[in-house]
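Asks: predicted model and sequence follow; I will ask about them next.
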Amino acid sequence: MDKIEHIGIAVKDLEKSNQLFASLFGEKHYKTEEVLSEGVKTSFFKTGPNKIELLQATNPESPISKFIDKKGEGIHHIAFAVNDILAEIKRLKEEGFIVLNEIPKKGADNKLVAFLHPKSTNGVLIELCQEIN
Ligand SMILES: CC[C@@H](C(=O)O)C(=O)SCCNC(=O)CCNC(=O)[C@H](O)C(C)(C)COP(=O)(O)OP(=O)(O)OC[C@H]1O[C@@H](n2cnc3c(N)ncnc32)[C@H](O)[C@@H]1OP(=O)(O)O
Ligand SMILES: [Co+2]
């Protein structure tokens with residue numbers, strides 16, 4: 001597993017949060033993208049070498065809706081860059097982690113993604129991200 005690729009933050013209102021985080025970072029988001037399979041609209045910010053992903057739910061079944069209903073807005077997941085997502089999934093399964101999708105799916109920002117259940121990672125939802133060439 002490589003560097004932190006992004007930190008995902010669940011928000012109720014993407015437009016308002018875009019303004020809030022632009023004030024915080026002193027720079028606007030550089031892209032927005034809807035990911036239908038996850039029921040989310042996202043926006044991305046750069047802060048130095050780091051990347052922050054804001055996520056707003058687009059339907060009540062979205063993981064972001066459920067998360068906000070239970071825990072409120074806030075840090076939703078930490079994503080790590082990997083070179084070979086299939087090899088990482090295999091390794092992590094063998095280590096006993098619960099992989100939520102063994103077949104990587106298309107995420108935002110040109111990535112293949114897979115998730116580890118927070119039950120198996122001390123309550124933190126982990127995303128693996130492989131750049132699509
Ligand atoms: C934009 C695409 C992509 C990218 O490219 O970056 C993304 O980031 S998409 C992000 C949204 N997608 C996902 O989160 C997919 C993976 N998540 C899931 O499959 C589910 O959310 C889940 C983790 C399996 C939970 O789903 P479910 O069991 O249906 O929800 P519950 O509400 O019943 O929660 C069960 C249990 O888990 C706790 N939980 C849920 N989400 C989180 C979280 N993000 N961090 C920590 N804990 C979480 C929840 O509180 C429940 O705990 P208990 O109440 O103690 O049982
Ligand atoms: Co993410």
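Replies: Cool, the structure landed. Ligands and ions are numbered 1, 2, ... in the order given.

Asks: ranges for the strands of the protein?
Replies: 4-11, 31-35, 40-47, 50-57, 74-81, 105-106, 111-116, 126-131 (DSSP state E).

Asks: longest helix of the protein?
Replies: The longest helix of the chain (DSSP state H) is helix 14-25.

Asks: that one to strand 31-35, inter-axis angle?
Replies: In terms of direction (axes from the mean of the first three to the mean of the last three C-alpha atoms, to 10 degrees), helix 14-25 departs from strand 31-35 by 140 degrees.

Asks: how about the contacts made by Ala81?
Replies: Counting by C-beta atoms under 8 Å, 6 or more residues apart in numbering, Ala81 makes contact with 1-5, 129-131. For every residue, glycine as well, the C-beta is placed using N, CA and C.

Asks: one more time with 7 Å
Replies: When contacts are counted by C-beta atoms under 7 Å, 6 or more residues apart in numbering, Ala81 touches 2-3, 5, 129.

Asks: which pair in those spans the largest distance?
Replies: Lys3 and Cys129 (10.3 Å; C-beta to C-beta).
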